[in-house]
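>>> Coordinates for the following, if possible.
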Amino acid sequence: MAKAKDGDTVRVHYTAKFQDGKVIDTSINHEPWQFTIGKDKVIPGFEEAVIGMNPGESKTVEVPADKAYGPRRKGMILVVDRNKLPEHLKPEVGQQLRIPQADGQIAAATVINVSESKVTIDANHPLAGKDLTFDIELIKIV
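Predicted coordinates for the structure are as follows:
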């Protein structure tokens, strides 16, 4: 039986959890998730776990933050003068913002503090700095 390797397109079922067991996301009761190993579309620790698996095989892996969404970076927390924001924007703590970048990409950020003159936004991925656990089942190598 062929083992999953770099360059293979695979279909997997997964459940992602925090270290305390709280489920973050799952593909169970949905179509299996399909991706190509080595195309940088998946966090490194997840890809590494799938490499070497046989179709039908399941495993549970611990993925440290540095192989998941990386560390939280203080430089990704920005304080912006309210008068620099679009007039129609009424920022609230927890609000998700989409910020256009110079390269045309859109960055996601979360409002974490609002005062009369300043708004603090966090552009870190919501899972940055978190160690994660994944239950993975390799369904098929396409």
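>>> which non-adjacent residue is nearest Val42?
Among residues not flanking Val42 along the chain, Phe35 sits closest, at 5.3 Å (C-beta to C-beta, 6 or more residues apart in numbering). Placement of C-beta: from N, CA and C, glycine included.
>>> Off-centre distance for the one helix or strand that neighbour maps to?
In this structure, Phe35 is located in strand 33-36 according to DSSP states H and E. Distance of strand 33-36 from the chain centroid (C-alpha atoms, centre = their mean, to the nearest Å) equals 15 Å.
>>> can you pull the contacts of the residue nearest to Val42?
Contact analysis of Phe35 by C-beta atoms under 8 Å, 6 or more residues apart in numbering lists 9-10, 12, 41-42.
>>> just to revisit the earlier point, neighbouring strands of the strand holding Phe35 in the sheet, and parallel or not?
Strands that pair with strand 33-36, judged by DSSP bridges, come out as strand 9-18 (antiparallel).
>>> Which parts of the partner strand count as buried, going by neighbours?
10-17 (16 or more other C-beta atoms under 10 Å).
>>> ok, those residues vs Asn124, which is closest?
Ala16 (17.6 Å; C-beta to C-beta).
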